[in-house]
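Peer 1: no sequence for this one, just the structure:
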């Protein structure tokens, strides 16, 4: 089983296929893991795109049900996850890639575009997470119950007070828009992005469409798209075309 290690962090990952690299960020919030690609997203890009790209996915650090482990970096929660993702690219010798992310993958993609804009050639944000003002503590409450207690059971050195501080830093103190970047950042973003919006409490349609309207190089899929297999297949095909159209010409198969 492949792992890469950086200091106290140990990240489990899998890869398949060949061609231009495509990093996958699974859904499932802070329990995002490779296993959740079969349970919490409308299609599994590891299987769907393995004939088109070199697909790479990893378990999020400290996800319940995953195999990646590392410290809680309370003062820099989003950047810690970006460190893991960029570190995996370094470990695999990948300079540039496309990215597709579900749910929490939306804010994480924005942070990657902020941290390493020259490394991401295009990004697909599927049912992205965002701040919903009528439910301001949604992500805190979801994770203080569904992520924190099992993690503390597995790792006695982590306490619920630390979980509280981590979630407050990650969500409560950033309670606006997409948590990781500002509207001005998105307004000036040159990287091509594709948005597949949803409208459930954690994936607000309004925020997804605001991103799409602000970003100068954006596309939007059909909506709704998870209501039938036919619509899912249409979005899968749209995403494939989008990602392929932006990969460097020298790697086009």
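Peer 2: Arrived safely, thanks for sending. Since the structure is predicted, the reported quantities are computational estimates derived from the model, not experimental observations. Residues are numbered from 1 along each chain as shown.

Peer 1: where does the residue nearest to residue 35 when sequence neighbours are not counted fall, phi/psi-wise?
Peer 2: Excluding the flanking residues, the one nearest residue 35 by CB to CB, 6 or more residues apart in numbering is residue 65, at 5.6 Å. C-beta here means a position set from N, CA and C on the backbone, and glycine is covered the same way. Main-chain torsions, residue 65, degrees, to the nearest 10: phi 90, psi -10.

Peer 1: and residue 65, what does it touch?
Peer 2: Going by CB atoms under 8 Å, 6 or more residues apart in numbering, residue 65 touches 31, 33, 35, 36.

Peer 1: and the furthest pair within those residues?
Peer 2: Greatest spatial distance among those (CB to CB): 31 and 35, at 9.4 Å.

Peer 1: settle it for me: which of those two has more neighbours?
Peer 2: residue 31 (24 against 16; other CB atoms under 10 Å).

Peer 1: can you show me the helices along the stretch 1-150 of the chain?
Peer 2: 45-48, 77-91, 105-115, 138-146, 148-154 (DSSP state H, counting those that start in this stretch).

Peer 1: scratch that, the stretch 151-253 of the chain
Peer 2: Using DSSP H, counting those that start in this stretch, helices in the stretch 151-253 of the chain cover 160-170, 183-187, 205-214, 229-246.

Peer 1: mind checking these for the one nearest to residue 145?
Peer 2: Smallest distance to residue 145 across the helices of the stretch 151-253 of the chain (CB to CB): 10.3 Å, for helix 160-170.

Peer 1: what packs against that closest one?
Peer 2: With contacts taken as 3 or more CB pairs under 8 Å, 6 or more residues apart in numbering; DSSP states H and E, helix 160-170 sits against helix 77-91, helix 138-146, helix 148-154.

Peer 1: residue 152 is in contact with residue 159, correct?
Peer 2: Yes - assessed by CB atoms under 8 Å, residue 159 is found in contact with residue 152 at 6.5 Å.

Peer 1: so which of those two has more stuff around it?
Peer 2: residue 152 (16 against 13).

Peer 1: tell me the contacts of residue 185?
Peer 2: Residue 185 is in contact with 110, 114, counting by CB under 8 Å, 6+ apart.

Peer 1: so what's it scoring on pLDDT?
Peer 2: Turning to residue 185, the model gives it a pLDDT of 98.

Peer 1: quick check: it vs residue 120, distance?
Peer 2: 14 Å (CB to CB, to the nearest Å).

Peer 1: repeat that for residue 164.
Peer 2: 32 Å.

Peer 1: repeat for residue 155
Peer 2: From residue 155 to residue 120 the distance is 31 Å (CB to CB).

Peer 1: the more surrounded of the two?
Peer 2: Using other CB under 10 Å as the criterion, residue 155 and residue 120 rank with residue 120 on top: 22 against 14.
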